[in-house]
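Student: give me a 3D structure for the following:
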Amino acid sequence: MHDPPAVTPPSPKATLEQLPIQAVSGYEAVVRHLRREIALGRIIPGDRLPAERKLAEQYGVARETLRQALRVLEGSGQIIVQRGAAGGPIVQASPPSLDASLRELRDNAQNIFDLIDFRKIIEPAAALLAAQNREEGELRSMAEAQTGIQDAVTHDQFRRADTAFHLAVAAASRNEVLRKAVEEARSRMFQPTDVIPYELIKDSSYAAHQRVFDAILAGDAQEAEAAMGEHIAVTRQEFSRVLDEL
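Tutor: I've put the predicted structure just below:
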């Protein structure tokens, strides 16, 4: 087994400062992007978003457009906007009604299974390519994510690290279509499933990730593909079990 490269854990503040990937148009797009970042775990409860002026600049929208978006998110309980010089928008752990969310989840369970099956196709392909194309930066990101999983004490911290690992693998594939597909599938899957109460089982996730990481580090494309496929297959089994218990 290879030792992972030495890493320094990323700063959450730095992540928030780089929120928008590209300029958006209209307050609805700002709402969608922020909800996507929350679903991916790149923003977690307790995170303070950048100041209104800076956030508007990052999204390339007028400040009134940004305020409309923040009002929508505040109305849904996803952020709270503190007033005053030291205030600003803070992400909240306030999902919609649990009963209503679970009913919606059960009604749309097949769509979740479809997304997991889609991930079982694209993520092993990304891991295979990552083993062939990875560079030192992506290996550091994977190692950082593994450290984040080990250190996680909340579901939100675990989700952030879990997402960071999978997106680092996707980035290492050097295939932009695959990278975007992995990110989109994860955001669409976790927005409805985050309401599920579940036990934090980070040890098994860490072990599955480590198998993928070791294969990518060794340049073993077939092993990386197989390890990622088995990891996603277990995810499907776990979701099916939890859904049966609801």
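Student: any idea which residue is closest to the centre of this structure?
Tutor: The chain has Leu40 as the residue nearest its centroid, 2.4 Å off, counting by Cα atoms, centre = their mean.
Student: need the contact list for that residue.
Tutor: Residues near Leu40 by Cβ atoms under 8 Å, 6 or more residues apart in numbering: Arg159, Thr163, Leu167, Glu183, Arg186, Ser187, Phe190. In short, each C-beta sits where N, CA and C put it, glycine included.
Student: excluding its backbone neighbours, what's nearest Arg53?
Tutor: Nearest-residue entry for Arg53: Arg63, 6.8 Å, with adjacent residues in sequence omitted and distances by Cβ to Cβ, 6 or more residues apart in numbering.
Student: go ahead and confirm the one you found touches Lys54.
Tutor: No: with contacts counted by Cβ atoms under 8 Å, Arg63 stays clear of Lys54, the gap being 10.5 Å.
Student: wait, isn't Gln150 in contact with Lys202?
Tutor: Yes: using Cβ under 8 Å, Gln150 makes contact with Lys202 at a distance of 7.2 Å.
Student: just want to know which of the two has more residues nearby.
Tutor: Comparing Gln150 with Lys202 by other Cβ atoms under 10 Å, the one with more neighbours is Lys202, at 20 against 11.
Student: how is the protein divided into domains?
Tutor: With domains defined by automatic domain parsing, the chain comprises 12-91, 98-245.
Student: mind picking the two most distant members of the contacts of Leu40?
Tutor: Spatially, the most separated pair among these is Arg159 and Glu183, at 13.7 Å (Cβ to Cβ).
Student: now do the helices in this structure.
Tutor: 12-17, 27-40, 52-59, 63-75, 98-107, 109-133, 136-151, 155-172, 176-193, 202-218, 221-245 (DSSP state H).
Student: number of residues surrounding the closest residue to Lys202 other than its chain neighbours?
Tutor: Nearest residue to Lys202 in three dimensions, chain neighbours excluded: Ile149, at 5.2 Å (Cβ to Cβ, 6+ apart). Neighbour count for Ile149, taken as other Cβ under 10 Å: 21.
Student: what residue ranges in the chain are flagged as low confidence?
Tutor: When residues are selected by pLDDT under 70, those of the chain lie in 1-25, 84-87, 93-102, 104, 191-200, 246.
Student: which residues touch Ile44?
Tutor: Pro12, Ile38, Val91, Thr154, Asp156, Gln157, Arg159, Arg160.
Student: is it true that the fifth one touches Asp47?
Tutor: No: at 9.1 Å, Asp156 does not count as touching Asp47 under the criterion of Cβ under 8 Å.
Student: ok, Leu115 - contacts?
Tutor: Leu115 neighbours (Cβ under 8 Å, 6+ apart): Ala185, Arg188, Met189.
Student: now render those as JSON lines, adding neighbour count and distance to Ala226.
Tutor: Converted to JSON lines, the contacts of Leu115 look like this (neighbours: other Cβ atoms under 10 Å; distance: Cβ to Cβ, whole Å):
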{"residue": "Ala185", "neighbour count": "20", "distance to Ala226": "20"}
{"residue": "Arg188", "neighbour count": "17", "distance to Ala226": "25"}
{"residue": "Met189", "neighbour count": "21", "distance to Ala226": "22"}
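Student: sweet, I'm off.
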